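Q: The sequence isn't on hand, but the structure is:
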Ligand SMILES: [Zn+2]
């Protein structure tokens, strides 16, 4: 039987504000600001969800989890990622690997990356080695450099 490989990409950004928890890659990070937006505003997980949706022809995060439905308010994005993982599996695919870059001027994210890989892989029932996370800054440029927001991009490879 011929195996089908499919790839998808995802991108997301959210504003950074005072008085919100900072949750990235499913990990709460101690910081004086957090991301504002839908669910827990976990920009990394949202990018991963869109990458998986693209790869598996599942629309996008907005079609899977309509923003106007209040049940998603404040929900952990890891739960939503788990649901997407089930849908990907339901279409006969398994996740080969996911690579994600978080773009943030501050704080330093590298100490939290092993835990992010652990939590994301658990949500998808795959190995932590199949999930890579990188963090970069914009060297002070733009809205991210001014610490007004953060962004993430992700690519996912799945196999039928
Ligand atoms: Zn988002």
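A: Received it, and whenever you're ready, just let me know what you need. These numbers were taken from a predicted model, which means no experiment stands behind them.
Q: can you list contacts of the one helix or strand residue 118 maps to?
A: Counting by DSSP states H and E, the element that carries residue 118 is helix 113-124. Helix 113-124 has contacts (Cβ atoms under 8 Å, 6 or more residues apart in numbering) with 24-27, 44-45, 48, 78-79, 81-82, 85, 95, 98, 127-128, 130-135. For the C-beta atoms, the positions are set from N, CA and C on the backbone; glycine is no exception.
Q: Parallel or antiparallel, list what pairs with the helix or strand just after it.
A: Next along the chain after helix 113-124, taking DSSP H and E as the criterion, comes strand 131-136. When pairs are called by DSSP bridges, strand 131-136 turns out to pair with strand 94-103 (parallel).
Q: relative to strand 94-103, how tilted is the helix holding residue 118?
A: Angle, helix 113-124 to strand 94-103, by axes from the mean of the first three to the mean of the last three Cα atoms, to 10 degrees: 140 degrees.
Q: which strand residues sit across from residue 155 in the sheet?
A: As assigned using DSSP bridges, the partners bridged with residue 155 are residue 9, residue 99.
Q: Isn't it up against residue 47?
A: No - judged on Cβ atoms under 8 Å, residue 155 makes no contact with residue 47 at a distance of 9.3 Å.
Q: what do these two both touch?
A: 10, 100.
Q: neighbour count winner among the two?
A: Neighbour count, other Cβ atoms under 10 Å: between residue 155 and residue 47, residue 47 has more, with 26 against 19.
Q: if we can go back for a sec, for the contacts of helix 113-124, which ChimeraX command selects only the ones that are buried?
A: This is the ChimeraX syntax for the buried subset of the contacts of helix 113-124, where burial follows 16 or more other Cβ atoms under 10 Å:
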select :24,25,26,27,44,45,48,78,81,85,95,98,130,131,132,133,135
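Q: quick one, what contacts the closest residue to the ion within the chain?
A: Per Cβ to the ion, the residue of the chain with the smallest distance to the ion is residue 46, at 3.4 Å. Residues counted as contacts of residue 46 (Cβ under 8 Å, 6+ apart) are 10, 12, 39, 61, 77, 152.
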